[in-house]
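Q: Any chance you could fold what I've pasted below:
(chains A and B)
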Amino acid sequence: MAYVSIADRDHTIEHHDPQTFITKYVYSQDHKVIAIQYGVLAILIGLVGMLLSSTFRLQLGFPDTFDFINPENYYQFVTVHGMIMVIYLLTALFLGGFGNYLIPLQLGSRDMVFPFMNMLSVWVYFLSVIILVASFFVPGGATGAGWTLYPPQAISPGTPGVEWGIVLMLLSLAVFIVAFTMGGLNYVTTVLQARCKGMTLMRMPLSIWGIFMATILGLLAFPALLVSAIMMLLDKLIGTSFFMPAMMAAGEVTEYGGGSPVLFQHLFWFFGHPEVYIVALPAFGIVSDLLATHARKNIFGYRMMVWAIIAIGGLSFIVWAHHMYVSGMNPYFGFFFATTTLIIAVPTAIKVYNWVLTLWQGNIHLRVPMLFAIAFIFTFTHGGLTGLFLGNVTIDLPLSDTYFVVAHFHMVMGVSPVLVVFGAIYHWYPKMTGRMYNETLGKWHFWLTFLGTYSLYLPMHYIGFLGVPRRYFAMGDTDFMPDSAITLNASMTISALIIAASQSIFIYNMIASLKNGKPSGPNPWKATSLEWQTPDTPPKHGNWGHHLPVVHRWAYDYSVPGQADDFTPQTVPAEDVPVGREHGVEH
Amino acid sequence: MYITLIFLGVIMATIIGWLLKQSLNTKPWLADAADDAVSGASLDTNTGVVALSTFLAVATSVFALFISAYTIRMEEPDWRPVTEPMLLWVNTGMLVLASIVYHWTRNAAVKGIQSRLKPGLLLAGLFTFLFLVGQMVAWRQLDAAGLYAENNVANAFFYLLTAVHGLHMLGGMWVWGKSTVKVWTGADADSVRLSIELCTIYWHFLLLVWIVLFGMLLST
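A: Presented below is the predicted three-dimensional model:
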């Protein structure tokens, strides 16, 4: 018997609206509520991560000034900051937050295909966050092993949090992976099987392509982190020697022997590098949609953009050891990984060209989401170019473990995706709430964040070139560090504090606009994709009222010559398109 | 990491090849009426099958990574191979029987033969249970022989791999329990068919994984 698609048998499926407050807003199975739960939780823990970075920046900018920062909690703050930002903020927000919100709405589905499992996903994620935060309150505090958790240091005496902090960190990661897997199975199955009629894969908005490919990467790459976390937990708790070599610690011979720390590095980066693209691909997709909508132009090279996403996804699994050039690998391996790293720059560069060409002769509306999207092109290009430096073995060796590396990865996978997160939140806020945000406050938030991050990270490249090493609590007196580097460190700290403070504008704007914002109407940006065509704003349970939408075109019919409006929604059939004036360059 | 790379190479090539096939020769910027009639499902199969297949890819990734770690770690000079208990052969037999019986039950569910469901599920569960008990007894035998996890990493890998496989098996038993309860409370073959079909795929998968793991343990 042939399978009947979900769209084709929608009329036979009973839809029950949740009735109580608990089922509507707490244990909700509605993808939109789950998306907002994911988003709010991720932003809250992200604020903790930002607070931690502000604190350790105080030490870096003004050493020997603040008594409440000692070497132990400095390392704990650095470690947990990194882990929060990469995993608990960005991964959770892009896939759990935007993935949940956008997949059913942009594909014309009523919900995810497994709503109960989707609900479990967010609550298990919540549990992982609780475990992570709890690690600050156990004896010895959180782990201070650095976000890469390299053994043998991570579980050796002398490292902060070696008692319980590292155990809770590893446990929290394992729980997070369970949560992600439950969500990921939903995203993949929904994209493949629950699209509305007419929504071919090649009519999907690029946001969905990015989220879809990132989910596949996550499902295949997170197991590497799980495997390494389990093995390290066993090394720590029952004294196995998967990773731990024979060694002395704190003046005593340990009972470990024969373990391979490099094995951990391989496993960690086998997850770690795809993780960069787990964060980047959704950002690529979303920024494409933001640029097309606010430049009133179809995305340049849609098919090429899709292929680039697919190619980057495939290549991301064979570049991991470029993080390990200094680990003593065979030089031929270094050559291989440098080559693959440069190859992956090709589809990435294609995307950048296509974003710029989308803007070319567009009718650019510099609204807040667009400002963030354009800023992303700058920061991502910047971070990508420094990546070309570090991808080459000979240049990486002297720059390894300096602030140049820190500046590089903050530009490419810290600042850039976060700018997209902000752009996306401003872009879809009217759909999520039915209200407009305050444009002036949004622009203040943008300029302070954008200029602030440049004033923070540009100088950081410079001190990295000088050879200032990362991770040090205090530099002390060093010949190679001129006074200018010390002064720059102070200015970078001030920039970091300004950026951190300016996020309060964003939070105020989001909360105040819930009540005070002007009603947005269903489609304030005159956008084409399906989420803007829902019968209700914010969309109600089931999204589409009695009938699922039918799609007649791709999501990028902006300023089509010969059509009366400068946008044609995906739901409009060819015969209903109003004919009228020419669109093109506005004079 | 070669084993993981080979696995990922195969799986990514499949995904990428399939996706490219969907996208080549398409011109999405043209509103093509033929596309409007597309159903919205890419694969002609149930969502449960798609989700399970995706999960099996994740689980394969986990086992491939453990196997990679095993092969890398065994190169170190401290590796002392484990002599596997003979009981593992019996356990393997139990798992083979469980898989065969599950397949027999699945065929019954597809054909609507209600009378075979109860004995089929009961036997599949029993053989799986015996497999799990057998694995625990094997652990006890190793423990009694003084082969502790902390003494040598080869021992630790034995405990770890069998535990991870056993946990996957336990997850399957939970779903087995649900469909068994349903059948016992009067559900007809049609309403449990999908669950039994999915479990059968899962049991075959875990049998295959166990054969690979057992083969690796025996040969190293």
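
Q: low pLDDT regions in chain A?
A: Applying pLDDT under 70 to chain A flags the ranges A:1, A:581-587.

Q: Please enumerate the strands of the chain.
A: No chain specified, so I'll use chain A. Assigned by DSSP state E, the strands in chain A fall at A:248-249, A:252-253.

Q: Run the chain-centre distance for the last one.
A: How far strand A:252-253 lies from its chain's middle: 42 Å, per CA atoms, centre = their mean, to the nearest Å.

Q: which residues are in contact with that strand?
A: The contact list for strand A:252-253, computed with CB atoms under 8 Å, 6 or more residues apart in numbering or on different chains, reads A:Ala246, A:Met247. Heads up, the C-betas are built off the backbone N, CA and C, glycines and all.

Q: go on, stretch A:314-326?
A: Around stretch A:314-326, the neighbours that count as contacts under CB under 8 Å, 6+ apart are A:217, A:220-221, A:262, A:265-266, A:269-270, A:272-274, A:276-277, A:329, A:333-334, A:337-338, A:340-341, A:343-344, A:347, A:390-391, A:393, A:396-397, A:400-401, B:5, B:8, B:12, B:16.

Q: re the thing from before, just put the strands of chain A in TSV and tack on mean neighbour count.
A: Formatted as TSV, the entries for those read as follows, by neighbours: other CB atoms under 10 Å in any protein chain shown:
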stretch	mean neighbour count
strand A:248-249	13
strand A:252-253	9
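
Q: and of these, who's closest to B:Thr185?
A: Each of these was checked against B:Thr185 via CB to CB, and the shortest separation belongs to strand A:248-249, namely 58.2 Å.

Q: Of the strands of chain A, which is nearest A:Val550?
A: In this view, these are compared for proximity to A:Val550 by CB to CB, and strand A:248-249 is the closest at 66.0 Å.

Q: Using CSV, please lay out the strands of chain A together with distance to A:Trp147.
A: Compiled in CSV, the strands of chain A are given as follows (distance: least, CB to CB, whole Å):
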stretch, distance to A:Trp147
strand A:248-249, 22
strand A:252-253, 28
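
Q: Next, whatever residue of chain B ends up closest to chain A: secondary structure please.
A: Residue nearest to chain A within chain B: B:Asp78 (3.1 Å; CB to the nearest CB). Using DSSP: H, G, I helix; E, B strand; the rest coil as the criterion, the local structure at B:Asp78 reads coil.

Q: pretty sure it contacts A:Gly258?
A: Yes - using CB atoms under 8 Å, B:Asp78 and A:Gly258 qualify as a contacting pair, with a distance of 3.1 Å.

Q: who's in contact with B:Cys199?
A: Shown in contact with B:Cys199 (CB under 8 Å, 6+ apart): B:Tyr102, B:Arg106, B:Gly172, B:Val175, B:Trp176, B:Ser179.

Q: Derive a PyMOL selection command for the buried subset of those residues.
A: If you want just the buried ones from the contacts of B:Cys199 in PyMOL, going by 16 or more other CB atoms under 10 Å in any protein chain shown, the selection is:
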select buried, chain B and resi 102+106+172+176+179
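
Q: Closest one of the contacts of B:Cys199 to A:Val122?
A: Of all the contacts of B:Cys199, A:Val122 sits closest to B:Val175, with 22.4 Å by CB to CB.

Q: What residues of stretch B:15-26 count as buried?
A: Going by 16+ other CB under 10 Å, stretch B:15-26 has these buried residues: B:Ile15, B:Ile16, B:Leu19, B:Ser23, B:Thr26.

Q: Same question for stretch A:115-130.
A: Applying a neighbour-count criterion of 16+ other CB under 10 Å, the buried positions in stretch A:115-130 are A:115, A:117-122, A:124-129.

Q: which residues touch it?
A: Residues external to stretch A:115-130 that are found in contact with it (CB under 8 Å, 6+ apart): A:27-31, A:34, A:37-38, A:41, A:45, A:88, A:92, A:96, A:100, A:111-112, A:172-173, A:175-176, A:178-180, A:182-183, A:185-186.

Q: In helices, which of the contacts of B:Cys199 fall?
A: Here DSSP state H is the test, and these give B:Tyr102, B:Arg106, B:Gly172, B:Val175, B:Trp176, B:Ser179 as lying in helices.

Q: Take these and lay them out in JSON lines including pLDDT.
A: As requested, those are exported to JSON lines (pLDDT from 0 to 100):
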{"residue": "B:Tyr102", "pLDDT": "96"}
{"residue": "B:Arg106", "pLDDT": "96"}
{"residue": "B:Gly172", "pLDDT": "97"}
{"residue": "B:Val175", "pLDDT": "95"}
{"residue": "B:Trp176", "pLDDT": "96"}
{"residue": "B:Ser179", "pLDDT": "93"}
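
Q: any idea which of those is the one closest to B:Gly146?
A: Distances from B:Gly146 to the ones in helices among the contacts of B:Cys199, taken as CB to CB, are shortest for B:Gly172 (32.5 Å).

Q: So that closest one is in contact with B:Phe129, correct?
A: No - taking contacts as CB under 8 Å, B:Gly172 lies outside contact range of B:Phe129: 11.5 Å.

Q: hang on, the earlier thing: can you check which residues contact both of B:Asp78 and A:Gly258?
A: Taking CB under 8 Å, 6+ apart as the contact criterion, the residues that touch both B:Asp78 and A:Gly258 are A:Ser241, B:Val153.

Q: Stretch A:457-465: how far from the chain's middle?
A: A distance of 23 Å separates the C-alpha centroid of stretch A:457-465 from that of its chain, computed with CA atoms, centre = their mean.

Q: which residues does the residue lying closest to B:Ala98 once chain neighbours are set aside contact?
A: Ranked by CB to CB, 6 or more residues apart in numbering or on different chains and with sequence neighbours excluded, the top spatial neighbour of B:Ala98 is B:Phe127, at 3.6 Å. When the contact criterion is CB under 8 Å, 6+ apart, the partners of B:Phe127 are B:Met94, B:Leu95, B:Leu97, B:Ala98, B:Val101.

Q: swap in A:Ser491?
A: A:Ser491 is in contact with A:Gly61, A:Ser455, A:Pro459, counting by CB under 8 Å, 6+ apart.

Q: what about the nearest residue to A:Met475 once chain neighbours are set aside, neighbour count?
A: The spatial neighbour of A:Met475 that comes closest, neighbours along the chain excluded (CB to CB, 6+ apart), is A:Met481 at 6.0 Å. Burial of A:Met481 is recorded as 17 neighbouring residues (other CB atoms under 10 Å in any protein chain shown).

Q: measure A:Met481 to A:Phe473 for me?
A: Using CB to CB, to the nearest Å, one obtains 15 Å as the distance from A:Met481 to A:Phe473.

Q: Select only the buried ones of the contacts of B:Phe127 in PyMOL?
A: Selection of buried members from these for PyMOL, criterion 16+ other CB under 10 Å:
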select buried, chain B and resi 94+95+97+98+101
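
Q: so how far is B:Leu161 from A:Trp447?
A: From A:Trp447 to B:Leu161 the distance is 55 Å (CB to CB).

Q: From what I see, B:Trp176 and B:Ala124 are in contact.
A: Yes - the pair B:Trp176 and B:Ala124 passes the contact test of CB under 8 Å, sitting 6.9 Å apart.

Q: circling back to that earlier point, tell me which element the residue nearest to B:Ala98 falls in.
A: For B:Phe127, the element it lies in under DSSP states H and E is helix B:117-144.

Q: buried residues in that helix?
A: Along helix B:117-144, the positions that meet the burial threshold by neighbour count (16+ other CB under 10 Å) are B:117, B:120-121, B:123-125, B:127-128, B:130-132, B:134-135, B:138-139, B:142.

Q: what does stretch B:183-202 give?
A: Using 16+ other CB under 10 Å as the test for burial, stretch B:183-202 gives B:183, B:187, B:189, B:192-193, B:195-202.
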